[in-house]
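# when you get a sec, could you give me coordinates for this:
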Amino acid sequence: MIRHDDLRYEPHLALALGGGGALGAAHVGVLQVLRERGITPSIVVGTSIGSVMGAAYAAEIDPYELEELVLNADWGDFGTFSIAPSLGLLNTEGLRKSIETVVGTELIENLPIRYGAIASDLAAGKSVLMDRGPLYPAVAASIAVPGIFAPTKLDGHLLLDGGIYENLPLEAAFEMGAHHVIGVRLAPEWDAIPSQYTSVKVHELEIRSDVTLISPKLQHRSQWVKKDLPGLVLDGRQAAERALEEYAIVTPRPAAVVAVPDGMPLSDAVSLEADSTAPVTPEGDADSDFTEYHPSTPADADGGGHDDVTTAEATAAPETPEPAAPEAESADTEDEQVQHRGLAAFFRRR
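The predicted structure is shown next:
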């Protein structure tokens, strides 16, 4: 029997992906769990890095392939230093090339899944929802963190990072016709404009019965450090699994992309591939203000692990220590080499 609130059968289910810099890798883990639990939102809207991950979802990029792309990405895939004088250190030329390579030069309305990106129009004092027109300028505007990326100019409007007004775009998701929204919160609201504090309004949406909130525990992670990316994917998975634990796994994840817990030696982690559904223990306990903006056509747009020890092993003292066999020393050396190959190599499909 189907429950009336079963998200697997909600035709107007939306996914709202929040901003947070490199913390956005956690979105990948969430997308994987949604796939595995048979939950398929028909609308996706993102702010800042959430708009990037949302575009990948809307283009139906496989979430495990997306993980490989994210783990092998660097800052040059998003921006390059601007030679010409501008209001930001970086331009978004790298982002344009990445979108063309991964998604193609699509119009938003031609994407398989309905998509929207959130940016901020400081002159108008409100958020901007871009759900049609060229994809690249919409994403570029959404990630334009002030001082880092130059503002994006669309049809005479200078647009900046959507997080200025709403870092988690729940309201925009409902504006796009959602009846229920899965929101993924990575970072708090900016509350950057004194007259436009949004945290209270967004919190009122977060606690509604038609909102399912997924909040990865990311306090120990950095928004700007690449080495945290594998752990962030795992954090996103764990948070989604907690929030959606009532939904059974219908499509197990491929063994080749089983996530590695922080601190686990890669030689030990290989055993996880034997059972891709084995649970991983978390580290701890873990009035509309939107302007629906429709840019013109592309021609018009500007452009440390540890070993388990049994009680008997811990209490029994060896009578006479024996020197390690040469074979054991060789195995230890090989294990150390495996541990230093890097997490990215383990995630790469073999």
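
# what about the strands in this structure?
13-17, 43-47, 80-81, 88-91, 114-121, 126-130, 147-149, 152-154, 157-161, 180-184, 211-214, 290-293 (DSSP state E).

# between those strands, which gets nearest to Leu232?
Taking CB to CB, strand 180-184 is the member of the strands of the chain nearest to Leu232, at 12.1 Å. C-beta coordinates here come from the backbone N, C-alpha and C atoms, glycine included.

# show me what contacts Leu205?
Leu205 sits next to Leu170, Glu171, Phe174, Gly183, Val211 when contact means CB atoms under 8 Å, 6 or more residues apart in numbering.

# go with 6 Å
Contacts for Leu205 (CB atoms under 6 Å, 6 or more residues apart in numbering) come out as Leu170.

# and for Glu60?
Pro112.

# how much space between it and Val44?
11 Å (CB to CB, to the nearest Å).

# what does Ala144 give?
Taking CB to CB as the measure, Ala144 and Val44 are separated by 20 Å.

# cool, Leu107 as well?
Distance of Leu107 to Val44, computed by CB to CB: 16 Å.

# more neighbours, these two?
Between Leu107 and Val44, counted using other CB atoms under 10 Å, the more crowded position is Val44 (29 against 14).

# pLDDT value on the more buried one, please?
Looking at Val44, its pLDDT stands at 98.

# try Glu93
71.

# count of residues packed around it?
Glu93 has 15 nearby residues by other CB under 10 Å.

# now the helices for the stretch 151-300 of the chain?
If DSSP state H, counting those that start in this stretch is used as the criterion, the helices of the stretch 151-300 of the chain fall at 170-175, 199-206, 229-243, 266-269.

# just checking, what packs against the third one?
Identification of packing neighbours for helix 229-243 by 3 or more CB pairs under 6 Å, 6 or more residues apart in numbering; DSSP states H and E yields helix 25-36, strand 211-214.

# now the angle from it to strand 180-184?
140 degrees (axes from the mean of the first three to the mean of the last three CA atoms, to 10 degrees).

# now the angle between helix 25-36 and helix 229-243, please.
Interaxial angle of helix 229-243 relative to helix 25-36 (the same axes, to 10 degrees): 50 degrees.

# and Pro41, what are its phi and psi?
Backbone dihedrals for Pro41, given as degrees, to the nearest 10, come out at phi -60, psi 140.

# residues touching the nearest residue to it once chain neighbours are set aside, list them.
In space, and not counting its chain neighbours, Pro41 is closest to Leu15: 4.0 Å by CB to CB, 6 or more residues apart in numbering. Counting by CB under 6 Å, 6+ apart, Leu15 makes contact with Pro41, Val44, Ile182.

# rerun at 7 Å
By CB atoms under 7 Å, 6 or more residues apart in numbering, the contact list for Leu15 reads Pro41, Val44, Tyr57, Ile182.

# do the same with Leu168
Ala16, Gly18, Thr47, Gly183, Arg185, Val202.

# how about the residues you listed in a markdown table, adding distance to Glu166?
Compiled in a markdown table, those are given as follows (distance: CB to CB, whole Å):
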| residue | distance to Glu166 |
| --- | --- |
| Ala16 | 10 |
| Gly18 | 9 |
| Thr47 | 6 |
| Gly183 | 11 |
| Arg185 | 12 |
| Val202 | 6 |
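
# closest to Leu158 out of those residues?
The nearest one, if we look at these relative to Leu158 and count by CB to CB, is Thr47, at 17.5 Å.

# from what I can see the closest one touches Ile164, true?
No. Between Thr47 and Ile164 there is no contact under CB atoms under 7 Å: 9.5 Å.

# neighbour-wise, which of the two wins?
Thr47 (32 against 26).

# any idea how far the more buried one is from Glu189?
Distance of Thr47 to Glu189, computed by CB to CB: 10 Å.

# so, low pLDDT: which residues of this structure?
1-4, 74-92, 94, 105, 190-198, 224, 256-350 (pLDDT under 70).

# repeat the analysis, applying 90 as the threshold.
Applying pLDDT under 90 to the chain flags residues 1-5, 20-22, 69-106, 122, 125-126, 144-157, 166, 187-204, 218-229, 253-350.

# list the buried residues in stretch 206-222.
Along stretch 206-222, these residues count as buried under the neighbour rule (16 or more other CB atoms under 10 Å): Glu206, Val211, Thr212, Leu213, Ile214, Ser215, Pro216, Lys217, Leu218, Arg221.

# show the end-to-end separation of it, please.
In terms of CA to CA, to the nearest Å, the two terminal residues of stretch 206-222 are separated by 24 Å.

# related to what we said a few turns ago, mutual contacts of Thr47 and Glu189, please.
With CB under 7 Å, 6+ apart as the test, Thr47 and Glu189 both reach Asn167.

# picking that back up, tell me the most buried of the strands of the chain?
Ranked by mean neighbour count, those are led by strand 43-47 with a mean of 31 (mean count of other CB atoms under 10 Å).
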